[in-house]
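Enquirer: Need coordinates for the below:
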Amino acid sequence: MYRNNFSRGTSRNQPPRRYSPQLRSHNRGPQGENISHARFINKATITEEVEHFVPEHKFADFQIEENLKVGIIKKGYTLPTPIQDRSIPHILKGQDIVGIANTGTGKTAAFLVPLIDKVLKNRKNKVLIVVPTRELAIQIQQELIGFTPGMKIFSVCCVGGAYIGKQLQELRYVNEFIIGTPGRLKDLIERKAIMLNQFSTIVLDEADRMLDMGFVNDMRFLMAGMPKPRHTLFFSATLSPEIEKMIGEFLHEPVRISVKTRDTSKNIEQDIVRVARGLNKLDVLGELLAKEDFNKVIIFGRTKHGVEKLSKALIAKGFKAESIHGDKNHSQRQRALKGFKENQVQILVATDVAARGLDIPDVSHVINFDIPATYDDYVHRIGRTGRANKKGKALTFVD
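Expert: Here you go, the predicted model:
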């Protein structure tokens, strides 16, 4: 445990004062959404009555290639998650789907497994996977590699912030899967390094996030260059009128699959931290981080400058911390994530760029040092903990 050397204003044995919210108590996010403090509180309870999902299939039951089944078993998969159980049979039939599911529910395998099978059955099939962030693209490629040892399925990850020359070189070879972010993919297409007419299948993952990030025109550009008919898979954590419009534009008679039962996982205990008058917010944070159970923590801040400043302040107090934000280049962000994943650092301080797509095991706590802009952002932030049926805690600092 990394101890700090300050105790001004609080006693180490006395927890920060918690504010008991009333429904009229709100914090306004930076984009203007009023979020009730009550939405940041959800005590985990132990009950005998729990939801118990019984899948209709086992992975061994799916009509997929035997060597793919072996790869799945080696990864330790036996029973599919709800989104996998519901989606895979339709994708195997070549149907367009709209998948609505919470973060951390196994969406990546839900589309990778049937699409790998599609490629194994016909090597002329090529798949384009479009995601909002470079971290998610890299994670999907790692999952793909984990499912396909010895199968000679090749992929390239095309993301902004990484050296484009290396991507151009890799694209000269045959790749069954191209995984990338919209802006970089558009750049490579305009350079004639990617020929969209060669791809019969496209996956739009975290489509709501891509919409939030302003990628809608880039997505339209990609879809317009795809051949028809095509196989389109669309995944989103939320539905909105804008998302419905995209579904109408991009998909043909899609099967809708929704396994989203609640905004936040029942495995995440949520609470607020109110800093008492006269106390320093950073000192209160330090007192929390010095507690024994805060062993792997993601802290979210609002701005790139604020995140970098907070990370340096925590390092100065003796904590092992790293930061990721938009001003860091690709290699810096990957180095920070690697250190956090491998427990070389205790704390990762991040902007919302990390709130979606990252699958980091055993995160004990998520701390919202700054109020998120919207409640959807809050949901995706705290979804970094409480994954894979493990317990997690989320704390939000409020004024």
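Enquirer: contacts and neighbour counts: CA atoms only from here.
Expert: Fine.
Enquirer: Could you pull out the strands in the stretch 251-399 of the chain for me?
Expert: Secondary structure of the stretch 251-399 of the chain by DSSP state E, counting those that start in this stretch: the strands cover 255-258, 268-274, 297-300, 321-324, 347-350, 365-368, 392-398.
Enquirer: Throw the ones you listed into TSV and include mean neighbour count and distance to P80, thanks.
Expert: Shown next, in TSV, are the strands of the stretch 251-399 of the chain (neighbours: other CA atoms under 10 Å; distance: least, CA to CA, whole Å):
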stretch	mean neighbour count	distance to P80
strand 255-258	16	15
strand 268-274	22	22
strand 297-300	27	28
strand 321-324	25	32
strand 347-350	27	31
strand 365-368	26	27
strand 392-398	22	22
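Enquirer: so which of these gets nearest R384?
Expert: Smallest distance to R384 across these (CA to CA): 7.1 Å, for strand 365-368.
Enquirer: Within its sheet, name the partner strands of that closest one and how each one runs.
Expert: Using DSSP bridges, strand 365-368 pairs in its sheet with strand 297-300 (parallel), strand 392-398 (parallel).
Enquirer: same question for the longest one, mean pLDDT?
Expert: Read that as strand 392-398. Across strand 392-398, pLDDT averages out at 92.
Enquirer: What's the end-to-end length of stretch 376-396?
Expert: Using CA to CA, to the nearest Å, the end-to-end distance of stretch 376-396 comes to 14 Å.
Enquirer: returning to that earlier point: mind giving me JSON lines with the strands paired with strand 365-368 and columns for distance to T181?
Expert: As requested, the strands paired with strand 365-368 are exported to JSON lines (distance: least, CA to CA, whole Å):
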{"stretch": "strand 297-300", "distance to T181": "23"}
{"stretch": "strand 392-398", "distance to T181": "29"}
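Enquirer: I140: which of those is closest?
Expert: The closest of the strands paired with strand 365-368 to I140 is strand 297-300. By CA to CA, the value is 21.0 Å.
Enquirer: Next, the contact list for T148, please.
Expert: 68, 71 (CA atoms under 8 Å, 6 or more residues apart in numbering).
Enquirer: Repeat that for F250.
Expert: Counting by CA under 8 Å, 6+ apart, F250 touches 223, 232.
Enquirer: roughly how far apart are it and I83?
Expert: For F250 relative to I83 (CA to CA), the value is 21 Å.
Enquirer: Also D205?
Expert: 13 Å.
Enquirer: just D352 next, same as before
Expert: 25 Å.
Enquirer: likewise S236?
Expert: Counting by CA to CA, the gap from S236 to I83 is 12 Å.
Enquirer: out of the two, which sits in the more crowded spot?
Expert: Neighbour totals were compared for S236 and I83, and I83 leads with 24 against 21 (other CA atoms under 10 Å).
Enquirer: Wait, the more buried one touches T108, no?
Expert: No: with contact defined as CA atoms under 8 Å, I83 does not reach T108; the gap is 9.7 Å.
Enquirer: now the end-to-end length of stretch 362-371.
Expert: In stretch 362-371, first residue to last residue: 23 Å (CA to CA).
Enquirer: can you list the residues that contact that stretch?
Expert: Applying CA under 8 Å, 6+ apart, the contact partners of stretch 362-371 are 27-30, 293-302, 381-382, 384-387, 390-398.
Enquirer: Does F300 touch A350 like I think?
Expert: Yes: counting by CA under 8 Å, F300 does reach A350; the two are 5.0 Å apart.
Enquirer: Ok, which of the strands paired with strand 365-368 comes nearest S87?
Expert: Nearest to S87 among the strands paired with strand 365-368 is strand 392-398; the distance by CA to CA comes to 27.5 Å.
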